[in-house]
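Novice: Quick one, structure for this:
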Amino acid sequence: MLHAHLPFVRHPEHEFFLEENWLYEAITETYIPLLIVLEGLERDGVPFELSMVLSPPLCEMLDDELLRARYTRHLSLLQTLCEREAARVADNGHLSYLVAHYREHFANIADFWQRTGGDLLSAFGALQARGKLDILTCGATHGYLPLMQITPEAVHAQLAVAVDSYRRRFGRAPSGIWLPECAYYEGLDRMLADVGLRYFIADTHGVLYATPRPRHGSFAPIFCRHSGVAVFARDPDSSNEVWSRERGYPGDPVYRDFYRDIGFDLDAASLAPFDQPHGVAKHTGIKYHRITGAGEHKELYDPYWAERRAREHARDFVYKRLAQTARVRSGDLYAPLVVAPYDAELFGHWWYEGPWWLDELFRRLPEHGDHLRATHLRSYLARHATQQLAQPAQSSWGERGYHEYWLNDTNEWIYPRLTLAAERMIALASRAVEPPPLEARALTQAARELLLAQASDWAFIMRTKTTVDYAVRRTRTHLARFWRLADEIERGEIDEAWLSHVEHVDSCFQHLDYRVYARRH
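Specialist: Numbering: from 1, shown residues only. The predicted structure is shown next:
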């Protein structure tokens, strides 16, 4: 299972914006390579099923004409940089070999982008229509729901907006949801059922500590007692084999080093015109070194040997799952399920060889069809419709298993502000029955700003201490816009010119209905 998510980053007010590169890198290194792998498997008649989350903010960006145009420009500049690198390293045999590899890689990416007209969501949707993918939704802006439960209407809005956005985009309602950060609290399952969601994924202890304890541990879903919603548990063994820095496959010294990039190794003149304005260094995706070891010294990368190692690791993963499920089958469980969820961006972006690993994984599974097969969650539930009733425990997949990664001394200041804004939005939405058109626009934009401020990504970044200034600025900016809109609505003095500007900048969820925040009871 792959969880594809990025926060909504769109800055039409700037010609180039550093954080927009998060999307462009993910398209080049993860989303298109994954689609190429999946379409190749289907073309070759390899049976596979895969669950994949496409979060609403990511879908909004992939569907945005401005960002698509900017990605086309980004890809063209990247190919130009690659051509310049070919000339620069012409006298170095190994670097020339690596540049040739990247030229072919970027050409394949560009060909896919042009062939699909940049419409990656339709490509994913087509795989779902043919039964290969089970596409799940997520919170509307990946809001951390347990820390919003004091305002249930705000939790409902995160869920209802996500479901509506999915339905408009894929022509059907989603069956399942990846709860943001796998964060669950008691009663949330009933809210999922209210918006038509059938299942979600919890971290391992969310199911193992359920009441009563699940008879089959994490190897089968449970059904929530009061809602009937199914809960699948993340399998720790298969997760650690890919995620763990110490034991995980991506740490192999043969694999490409993510951090060593020509964007930091070369001077601005060599990187032009791909360099960022004001001389800010950034990743290009052209990386010449392998992990090698923990020190500063890095040997040159060789994609031939890296691909071979990725395919060896995929076969190793299959054999370990065979052994794991054989151990579980010795009991009374008929069809043990191993749920192996990862951030999609691990595959290709952080772990360059990940798409090769995934390709080999699905190609090897049919050899063991009597003992092991790939399935997606919707398909599993259709075949195994009877499960134990139990109530999952509060949990998340964050460090230490609960909520402190998103509530600590680096980010605690945001939650009183988000709660006050949510209460104000609920009051505004509950009193406005049939407002005039301008007021309705302002109410809708206020709802949009609140959703954007609630993104758990900002609290996460503050905790990880990466692009903290940007995360703080985004939180404060959305809240400031919200409060100005709320005050103007209450005074009946809406600045239409400023409203139009904010609608243009924060343009997600064009079909948003502010009444999603109205009191429900």
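
Novice: ranges for the strands of this structure?
Specialist: 2-4, 50-54, 133-138, 176-178, 199-202, 222-223, 230-233, 342-343 (DSSP state E).

Novice: Which other helices and strands does the last one contact?
Specialist: Counting contacts by 3 or more C-beta pairs under 8 Å, 6 or more residues apart in numbering; DSSP states H and E, strand 342-343 is packed against strand 2-4, helix 236-243. Using the backbone N, CA and C atoms, a C-beta is placed for each residue, glycine as well.

Novice: Which parts of the stretch 1-150 of the chain are helices?
Specialist: Ranges of helices within the stretch 1-150 of the chain are 21-26, 32-43, 56-62, 65-88, 93-115, 120-129, based on DSSP state H, counting those that start in this stretch.

Novice: How about the stretch 301-450 of the chain?
Specialist: Across the stretch 301-450 of the chain, reading from the start of the chain, the helices by DSSP H, counting those that start in this stretch fall at 303-329, 354-364, 377-383, 414-431, 437-453.

Novice: Please pick out the residue of this protein most distant from its centre.
Specialist: Ranking residues of the chain by C-alpha distance from their mean position (C-alpha atoms, centre = their mean) puts residue 91 at the top, at 40.7 Å.

Novice: Need the per-residue pLDDT for it.
Specialist: Looking at residue 91, its pLDDT is 96.

Novice: do the same with residue 330
Specialist: Listed pLDDT for residue 330 reads 60.

Novice: Ok, residue 432 next?
Specialist: pLDDT, residue 432: 69.

Novice: How about the contacts made by residue 516?
Specialist: Residues counted as contacts of residue 516 (C-beta atoms under 8 Å, 6 or more residues apart in numbering) are 156, 157, 160, 161, 429, 447.

Novice: burial of the second one, as a residue count?
Specialist: Burial measure for residue 157: 31 neighbouring residues, criterion other C-beta atoms under 10 Å.

Novice: With mean neighbour count as extra columns, can I get the strands of the chain in JSON lines?
Specialist: As requested, these are arranged in JSON lines below (neighbours: other C-beta atoms under 10 Å):
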{"stretch": "strand 2-4", "mean neighbour count": "23"}
{"stretch": "strand 50-54", "mean neighbour count": "24"}
{"stretch": "strand 133-138", "mean neighbour count": "26"}
{"stretch": "strand 176-178", "mean neighbour count": "24"}
{"stretch": "strand 199-202", "mean neighbour count": "26"}
{"stretch": "strand 222-223", "mean neighbour count": "22"}
{"stretch": "strand 230-233", "mean neighbour count": "25"}
{"stretch": "strand 342-343", "mean neighbour count": "16"}
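
Novice: I'd like to know which of the ones you listed lies nearest to residue 310.
Specialist: Among the strands of the chain, strand 342-343 comes nearest to residue 310, with 14.5 Å by C-beta to C-beta.

Novice: Neighbouring strands of the closest one in the sheet, and parallel or not?
Specialist: Strand 342-343 has its sheet partners listed here by DSSP bridges as strand 2-4 (parallel).

Novice: Report the rounded mean pLDDT for the strand it pairs with.
Specialist: Across strand 2-4, pLDDT averages out at 97.

Novice: Could you do stretch 372-391 as well?
Specialist: pLDDT averaged over stretch 372-391 equals 95, rounded to a whole number.

Novice: Just send the strands of the chain back as TSV, with distance to residue 503 too.
Specialist: Formatted as TSV, the strands of the chain follow (distance: least, C-beta to C-beta, whole Å):
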stretch	distance to residue 503
strand 2-4	27
strand 50-54	24
strand 133-138	24
strand 176-178	28
strand 199-202	32
strand 222-223	42
strand 230-233	38
strand 342-343	31
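
Novice: who wins for proximity to residue 418 among the helices of the stretch 1-150 of the chain?
Specialist: Nearest of these to residue 418, taken as C-beta to C-beta: helix 56-62 at 16.7 Å.

Novice: ok, back up a step: right, so the helices of the stretch 1-150 of the chain: which one is the most enclosed?
Specialist: Scoring the helices of the stretch 1-150 of the chain by mean neighbour count under mean count of other C-beta atoms under 10 Å gives helix 56-62 as the most buried, with a mean of 24.

Novice: Off-centre distance for that helix?
Specialist: Using C-alpha atoms, centre = their mean, to the nearest Å, the distance from the centre of helix 56-62 to the centre of the chain it belongs to is 10 Å.

Novice: hey, C-alpha coordinates of it in CSV?
Specialist: The C-alpha coordinates for helix 56-62 follow below in CSV (Å, rounded to 0.1, in the frame of the first residue of the first chain):
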residue,chain,number,x,y,z
PRO,A,56,-6.9,15.5,-1.8
PRO,A,57,-4.2,18.2,-1.7
LEU,A,58,-2.0,16.2,-4.1
CYS,A,59,-5.0,15.6,-6.4
GLU,A,60,-5.7,19.4,-6.4
MET,A,61,-2.1,20.1,-7.4
LEU,A,62,-2.0,17.4,-10.1
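
Novice: contacting residues around it?
Specialist: With C-beta under 8 Å, 6+ apart as the test, helix 56-62 has contacts from 4-10, 23, 27, 31, 67-68, 120-121, 137-142, 161-162, 165-166, 169, 455, 508-509.

Novice: Just the buried residues out of these, in ChimeraX syntax.
Specialist: Selecting only the buried entries of those in ChimeraX, with 16 or more other C-beta atoms under 10 Å as the criterion:
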select :4,5,6,7,8,9,10,23,27,31,67,68,120,121,137,138,139,140,141,142,161,162,165,166,169,455,508,509
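
Novice: Export the helices and strands packed on strand 342-343 as a markdown table, with columns for distance to residue 364.
Specialist: As requested, these are arranged in a markdown table below (distance: least, C-beta to C-beta, whole Å):
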| stretch | distance to residue 364 |
| --- | --- |
| strand 2-4 | 18 |
| helix 236-243 | 15 |
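
Novice: which one of these has the lowest average pLDDT?
Specialist: Between those, the lowest average pLDDT goes to helix 236-243, which shows a mean of 90.

Novice: so what's the nearest residue to residue 457 once chain neighbours are set aside up against?
Specialist: What sits nearest to residue 457 in space, not counting adjacent residues and going by C-beta to C-beta, 6 or more residues apart in numbering, is residue 7, at 3.9 Å. With contact set as C-beta under 8 Å, 6+ apart, residue 7 has these partners: 22, 57, 141, 142, 455, 457, 458, 474.

Novice: out of these, who's nearest residue 411?
Specialist: Checking those against residue 411 by C-beta to C-beta gives residue 458 as the nearest, at 7.6 Å.

Novice: neighbours around the residue lying closest to the closest one once chain neighbours are set aside, how many?
Specialist: Nearest-residue entry for residue 458: residue 471, 4.2 Å, with adjacent residues in sequence omitted and distances by C-beta to C-beta, 6+ apart. Neighbouring residues of residue 471 were enumerated by other C-beta under 10 Å; the total is 25.

Novice: Residue 304 too?
Specialist: Applying the criterion other C-beta under 10 Å, we find 9 residues in the vicinity of residue 304.

Novice: before we move on, what about residue 367?
Specialist: Other residues near residue 367 come to 11 when the count uses other C-beta under 10 Å.

Novice: distance of it from residue 225?
Specialist: Shown here: residue 367 relative to residue 225, a distance of 40 Å by C-beta to C-beta, to the nearest Å.

Novice: And for residue 136?
Specialist: Here residue 136 is placed at a distance of 23 Å from residue 225 (C-beta to C-beta).

Novice: picking up where we left off before, of the strands of the chain, which is nearest residue 316?
Specialist: strand 342-343 (16.2 Å).
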